[in-house]
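In: Here's my sequence, what's the structure:
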Amino acid sequence: MTRKEPLQKYLHQFKPRPTVGISAIILLLASASISSAQIQSQFGQELLQRRQEEPAAFEPKLTVDYQAGNVFNNHLEFGLSIDPNTSSLAGRENPQLQGMINQAGVNLQGTLPLGKRFGLKLQYQPQLENYIGEDGQLNEFDAFTDVFLTELSFRPTPALPPLSVSHQLQRLDRKDDTYDSLQRQIGFRLGKLLEYNFRIRHFDDDRIRREDFLLVGSTSHQASARVQLGFLRNVLGRLEYSIERESYENNLNTLVLGIAGIKPGESRTDMRHFASAKWIEVPTNRLVLQEEFNLFLSNSDADFYDFSSIEVAIGAFFKIKGESWARLRLSRLNLDFNGRRVFSGGAENRVDDQTHLNFRLNWQLHNHLALLADYQLINNNTNEKAEIFDFLNYTNNIVSLTIQATY
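Out: Here you go, the predicted model:
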């Protein structure tokens with residue numbers, strides 16, 4: 001009996017509540033969408049700036065950023081988790097959540113030279129989030145997050161990239177204690193060429209059996225390599241590859257284990273590969289054009305969590321005036337959940353097609369004050385025809401407006 005067979009047998013024998021029965025599928029879609037969002041390149045402004053010589057030694061520097069903004073999202077459920085044992089949202093027929101997130105935060109960052117070859121970077125970034133919508137039922141997601149980073153760098157000569165070792169702590173506290181967690185990361189980096197990160201995520205309550213992998217701890221190892229090649233005068237090529245191995249804790253209930261085909265006592269481990277190729281052109285001193293190809297593969301010892309994605313994208317960055325700029329990105333993403341067949345009459349392979357549109361505007365209001373507006377559109381269509389999968393055909397609109405002050 002394969003791991004796919006227990007899934008079909010389990011769903012035929014058990015008719016779950018609507019919220020619980022589709023939670024694992026929502027998680028998979030959310031995981032894939034989040035992965036895609038994370039690999040979107042940040043390009044433009046740095047390519048239009050004149051390259052400066054690396055200083056012979058680290059220089060003291062202190063910056064303070066204040067941010068306050070609002071985000072409207074008509075599909076807040078992607079990336080979140082609803083615990084049926086504690087959440088007031090449990091048992092909803094419609095999984096869609098629509099609401100507003102009010103955000104306010106500070107980013108304190110400083111660099112301290114330690115002699116000619118060493119430098120110490122310290123960063124502290126607290127942020128408050130307030131969720132509004134669904135008749136007040138989103139309040140349980142209200143959160144306080146703070147990140148503390150310490151990084152020690154060594155640069156033997158200005159011609160060589162610095163070698164850095166870092167330690168980062170990230171604490172998440174939501175109004176519902178179910179989500180409270182601590183994430184610790186230790187990293188090693190050689191400039192922007194090579195990077196390795198070891199990350200542990202631990203929930204305060206790791207005894208209760210959860211119904212979602214987003215609510216259990218995990219341990220991951222990730223390594224990345226990047227290279228940049230110059231062609232002609234105004235053309236750049238960028239290649240990137242990363243590999244990640246993530247293992248999850250096993251405090252999950254029998255429903256999730258049965259759907260995923262995981263035997264009691266076993267745990268889930270994913271191996272993920274990401275490759276990216278970008279072609280960047282700078283035709284004028286105000287315009288940057290980029291074409292890119294991204295490939296993402298996730299292989300799990302639980303076949304239910306295998307998927308792959310291929311994305312092609314084009315983008316343009318335009319420098320308006322001074323520090324003001326605009327950026328547009330359009331992409332097409334194909335998600336293939338390899339061999340996943342939930343029902344005997346369903347599609348042999350579940351395949352989703354996504355279209356992404358992102359427009360971002362940064363308008364410099366003052367030397368230290370900027371207004372950032374961002375709009376994202378994600379349209380998803382699946383080949384699954386069963387009525388239970390109708391929620392996979394959706395349009396996600398995300399609009400944000402942020403005021404940022406930098407000193």
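
In: Now do the strands in the stretch 251-400 of the chain.
Out: With DSSP state E, counting those that start in this stretch as the criterion, the stretch 251-400 of the chain has strands at 269-281, 287-300, 307-321, 324-337, 350-366, 369-382, 394-406.

In: what's the longest one packed up against?
Out: Read that as strand 350-366. Applying 3 or more C-beta pairs under 8 Å, 6 or more residues apart in numbering; DSSP states H and E, one finds that strand 350-366 makes contact with helix 23-38, strand 307-321, strand 324-337, strand 369-382. In this view, the C-beta of every residue, glycine as well, is placed from N, C-alpha and C.

In: go again using 6 Å as the cut-off
Out: On a contact count with 3 or more C-beta pairs under 6 Å, 6 or more residues apart in numbering; DSSP states H and E, strand 350-366 meets strand 324-337, strand 369-382.

In: Mean pLDDT added to these, as a markdown table?
Out: Compiled in a markdown table, the helices and strands packed on strand 350-366 are given as follows (pLDDT from 0 to 100):
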| stretch | mean pLDDT |
| --- | --- |
| strand 324-337 | 94 |
| strand 369-382 | 95 |
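
In: Y248: neighbouring residues, count only.
Out: By other C-beta atoms under 10 Å, the residues close to Y248 number 22.

In: wait, it sits on T269?
Out: No. Checked against C-beta atoms under 6 Å, the pair Y248 and T269 is beyond contact range at 7.4 Å.

In: measure stretch 226-235 end to end?
Out: Stretch 226-235 has an end-to-end distance of 17 Å (C-alpha to C-alpha, to the nearest Å).

In: Quick check: buried residues in that stretch?
Out: Neighbour counts over stretch 226-235 (16 or more other C-beta atoms under 10 Å) mark no residue as buried.

In: And for stretch 357-372?
Out: Neighbour-count burial for stretch 357-372, counted by 16+ other C-beta under 10 Å, picks out 358, 360-363, 370.

In: Turn the helices and strands packed on strand 350-366 into CSV, columns for distance to E129.
Out: Formatted as CSV, the helices and strands packed on strand 350-366 follow (distance: least, C-beta to C-beta, whole Å):
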stretch, distance to E129
strand 324-337, 25
strand 369-382, 16
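
In: quick one, what contacts N253?
Out: When contacts are counted by C-beta atoms under 6 Å, 6 or more residues apart in numbering, N253 is found next to 209, 211.

In: okay, P84: pLDDT?
Out: According to the prediction, P84 has pLDDT 68.

In: Now tell me what touches stretch 273-289 from outside.
Out: With C-beta under 6 Å, 6+ apart as the test, stretch 273-289 has contacts from 44, 47, 234-243, 290-297, 316-319.

In: where are the low-confidence patches of the stretch 251-400 of the chain?
Out: 339-347 (pLDDT under 70).

In: Could you dump the strands of the stretch 251-400 of the chain into CSV and include distance to F188?
Out: Listed next are the strands of the stretch 251-400 of the chain as CSV, based on distance: least, C-beta to C-beta, whole Å:
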stretch, distance to F188
strand 269-281, 19
strand 287-300, 23
strand 307-321, 28
strand 324-337, 31
strand 350-366, 31
strand 369-382, 32
strand 394-406, 29
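
In: nearest to I82, of these?
Out: Closest approach to I82 among the strands of the stretch 251-400 of the chain (C-beta to C-beta): strand 394-406, 16.9 Å.

In: Quick check: neighbours of the closest one in the sheet, parallel or antiparallel?
Out: Using DSSP bridges, the strands paired with strand 394-406 are strand 61-73 (antiparallel), strand 369-382 (antiparallel).

In: Kindly export that strand (C-alpha atoms) in CSV.
Out: Extracted in CSV, the C-alpha atoms of strand 394-406 (Å, rounded to 0.1, in the frame of the first residue of the first chain):
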residue,chain,number,x,y,z
TYR,A,394,-9.9,32.7,-6.2
THR,A,395,-8.6,36.2,-6.7
ASN,A,396,-6.5,37.6,-3.9
ASN,A,397,-6.2,41.4,-3.6
ILE,A,398,-3.6,42.9,-1.1
VAL,A,399,-3.4,46.7,-0.8
SER,A,400,-1.0,48.4,1.6
LEU,A,401,-0.1,52.0,2.5
THR,A,402,2.9,52.7,4.7
ILE,A,403,4.5,55.8,6.1
GLN,A,404,8.3,55.4,6.8
ALA,A,405,10.6,57.8,8.6
THR,A,406,14.3,57.2,8.5
